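Asks: Need coordinates for the following:
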Amino acid sequence: MQIDDLALPPEDPDPEPDGTAVEKADILVVDDLPEKLLVFRTVLEELGQNLVLVRSGADALREILQREFAVILLDVNMPGIDGFETATLIRQHRRCRHTPIIFITSYADEMQTARGYSLGAVDYILSPVVPEILRSKVSVFVALHQMRRQVRRQADARAAVMAAQAARRVAEENDRRSAFLAHASRVLSGSLQITVAMNQLVELLVPELAPLAVVLLLDADLGAGEMLAAAQPSGGAPLQLSTGPEARLHERLRGALRDAAQGRQSVRLDEEALAALVPADFGLAAAGDAFPPLRSAQVVPLIFGERMLGAVLIAGSGAIERAAAEAGLLGELAARAATAFENARLYLVLQREMLERQAAQEELQRTNRRKDEFLAMMSHELRNPLAPIHTAVQVIRRVAAPHPKVAWALDIAERQLKQLTRLIEELLDVARISQGKIVLKHATLDLNAVVAQSVETVQPFIDGRRQALKVVVPQQPAWLLGDMARLTQVIANLLHNAAKYSPEGTGIELVCWLEEEDIMLSVRDNGIGIDAELLPRIFDLFEQGERGLDRAQGGLGVGLTLARRLTEMHGGRIEAFSEGRDRGSEFRLRLPRVGTVAPAAGQALPQEAAGAHRVEALRILVVDDNHDAATGIAAMLELEGHAVRTAHDGEEALAAASAHCPVVVVLDIGLPLVDGYEVARRMRAMPELAGALLIAVTGYGQNEDRQAAHNAGFDHHFVKPADPETLLGCIRQWSGQRAQGGAGNRQPSRAAS
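Replies: Numbering: from 1, shown residues only. Predicted coordinates:
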């Protein structure tokens, strides 16, 4: 029978006293003779362990790489690798470095024995072996191996239990820590008020982390120098809170809080630094022995990004190690508190900015209102001197001897008066729109009629600059709903602008076309153009491009603002386009169309020829507190052959009316002593003036002003500076109707300059 690498099958292990099974030990037997291996198996199988039988040192080395042996029986004399070499190689393996080795040999001298023991042998057995001795020695090493394995298992079990307990404690601590921080985040984020956030922070700190805490604000937006202290006295007393300035804290505490903030890191105070401190040093009311002695304190800064918001201090009677253990949790809580404080700071800054913006907006509204009032008053006041100048020009034109130079000078004066009047009207219109005082008189208008009237208004100015105006309108009729006077003003402003900012002798195009439900109108020129940076602001009030000292184009910068606002009041839109300086510009107007059906024909206003037949001499009273204005109108009327008297306040006017009994009264509204409305009402109450013609000549030209004049008894309302010819035409018309027996029927007009 050959035995080659024989391993006995394992048997069921005997149970331990505690009921657990004992694992069998592995025994390695190395011998090159099969019959000796058979003997070893026969002798050792009674031990009930796992026998591994191999025939060479190489086979033995392979086996020790796979398992751990309780004992190795090693033959000394083997071919190839002998027992000593095999033992040497076995000892180099970490697992078998201390495995017992029993050498089996037929003889053993002292040198051989010494060498074997030097290699870690525990015994020598001479063959032939005595079975009882071999079993006894091997059983001892097997028992030792099993005991060592049992101790190792028990140690591993205890280590596993301890590790599990430690892991459970860590998990519980992490859960507690996470729950605490999550609760802190919810609480701290619940309010944007810094005082609430400070109170919530100290309530989280005390008594969870320490019996005493102090929070100091260091950011100017939050109120630098304010502190909040909280303490939990012993004996279960209620939490004590105290607020106040930083100066209430002890100098040592202030220094620690400032050091933590400046160093942007934690600062610790030991028992010696805290020994002499009492509750009052923390800003708290004195409480005797209610507070335990303090042995340690920790200070951490409250930092958000690069911004230092404050610092927080906790102090207690625990050891420094306890404070150090809680330092990580304190840092986490400080980070969450810093986020809450930063949110509160941003909220405070936002509130402050909103209040500042609201105050600035209110101031801007007040300034804008004062500006509108100033424009309205300035425009009104400028009308007063214009009226006598205009009248004086007409008087000179009538009485002066014909002379080219005189005619030239009068033409210049009249043109400049018209330009000044237009500028004043623009200023006044802007003020009216800003104050919401312009009311459109809507009517269904023919586009061609609006364009024709606009061109007629500006044609003299264009002709004066030797410019060519090309007008293109659609062939089919187009109707729009709007105020004829205001739409004419818009288009005339655009044409006037194009002519003013274009060189003399150039061309201007006015092109109209229809787009779905809109009417489009374009005014294009080849003038100086609009800079790209100015283009977005071209419709802003008083906005103009850069000009030299010559101010060649003139103007106040309100014409385009007025055009845009009037267009928007008609439900339209106006846009400006330009490719840049000296590339010309285009203004495009879009207005809603109301259809292609002509409106019902309206009544035409009666037209009176300016040079109608001369009327009889009339008694006329001219009343104006501006002496030049009154004298100028009186001179015009006297040239017509009328008998004219003047008065300069309300009382004087009433006295003159009683004495003079005029049939025509030209009356200013803004009079001293008694205003023009009251003068008109009193005159209408005089029997001798019941049928007189009352004409208001005033700087107030709003619809409500006209209605107030009509209610006071005026027949006509003229806005200064009134055209003298129009005023004379009105008087001639009334005189003609009076001669035909039609006097007394008041037909108030809407006349304006």
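
Asks: mean confidence for the longest helix along the chain?
Replies: In the chain, assigned by DSSP state H, the helix with the most residues is helix 320-399. For helix 320-399, mean pLDDT rounds to 79.

Asks: what's it packed up against?
Replies: helix 131-188, helix 194-205, strand 267-269, strand 296-304, strand 307-316, helix 404-434, helix 627-639, helix 724-739 (3 or more Cβ pairs under 8 Å, 6 or more residues apart in numbering; DSSP states H and E). Heads up, the C-betas are built off the backbone N, CA and C, glycines and all.

Asks: Of the ones you listed, which is nearest residue 562?
Replies: The closest of the helices and strands packed on helix 320-399 to residue 562 is helix 404-434. By Cβ to Cβ, the value is 5.3 Å.

Asks: Below-threshold pLDDT in the stretch 651-753 of the chain: ranges please.
Replies: Applying pLDDT under 70 to the stretch 651-753 of the chain flags the ranges 741-753.

Asks: between the helices and strands packed on helix 320-399, which gets the lowest average pLDDT?
Replies: helix 404-434 (a mean of 71).

Asks: In a helix, residue 207, correct?
Replies: No. Under DSSP: H, G, I helix; E, B strand; the rest coil, residue 207 sits outside any helix and is assigned coil.

Asks: For residue 210, see how far away the closest residue to it other than its chain neighbours is.
Replies: Closest residue to residue 207 apart from its sequence neighbours, by Cβ to Cβ, 6 or more residues apart in numbering: residue 232 at 4.3 Å. Remark: distance between residue 232 and residue 210 (Cβ to Cβ, to the nearest Å) = 9 Å.

Asks: These two: who's more crowded?
Replies: More crowded of residue 232 and residue 210, by other Cβ atoms under 10 Å: residue 210, with 25 against 21.

Asks: what pLDDT does residue 292 get?
Replies: 70.

Asks: Any idea how far the longest helix of the chain is from the middle of the chain?
Replies: 16 Å (Cα atoms, centre = their mean, to the nearest Å).

Asks: One more: stretch 270-285?
Replies: The answer for stretch 270-285 is 46 Å, by Cα atoms, centre = their mean.

Asks: list the buried ones in it?
Replies: 274, 277, 279, 281, 282, 283, 284 (16 or more other Cβ atoms under 10 Å).

Asks: so how far is residue 300 from the first one?
Replies: Residue 274 is 17 Å from residue 300, where distance means Cβ to Cβ.

Asks: Same question for stretch 452-467: list its buried residues.
Replies: 453, 454, 455, 457, 458, 461, 462, 467.

Asks: Contacts for that stretch, please.
Replies: With Cβ atoms under 8 Å, 6 or more residues apart in numbering as the test, stretch 452-467 has contacts from 469, 471, 484, 487-488, 490-492, 495-496, 499-500, 502, 504-508, 510.

Asks: rerun at 7 Å
Replies: Residues external to stretch 452-467 that are found in contact with it (Cβ atoms under 7 Å, 6 or more residues apart in numbering): 469, 471, 488, 491-492, 495-496, 499, 502, 504-508.

Asks: and if you look at stretch 520-540?
Replies: 491, 494-495, 498, 501-503, 506-513, 543, 545, 560-561, 564, 576, 578-590.

Asks: Could you pull up the residues touching the residue nearest to residue 207?
Replies: Residue 232 touches 206, 207, 211, 239, counting by Cβ under 7 Å, 6+ apart.

Asks: Could you export those residues to TSV, including columns for distance to residue 665?
Replies: Listed next are these as TSV, based on distance: Cβ to Cβ, whole Å:
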residue	distance to residue 665
206	91
207	95
211	96
239	88
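
Asks: Are any of those buried, and if so which?
Replies: 206, 211.

Asks: which of the residues in stretch 257-273 are buried?
Replies: Result for stretch 257-273 [16+ other Cβ under 10 Å]: buried residues 257, 258, 260, 261, 266, 267, 269.

Asks: Go through these and say which is closest to residue 347.
Replies: The closest of the buried residues of stretch 257-273, once distances to residue 347 are taken by Cβ to Cβ, is residue 261, at 22.2 Å.
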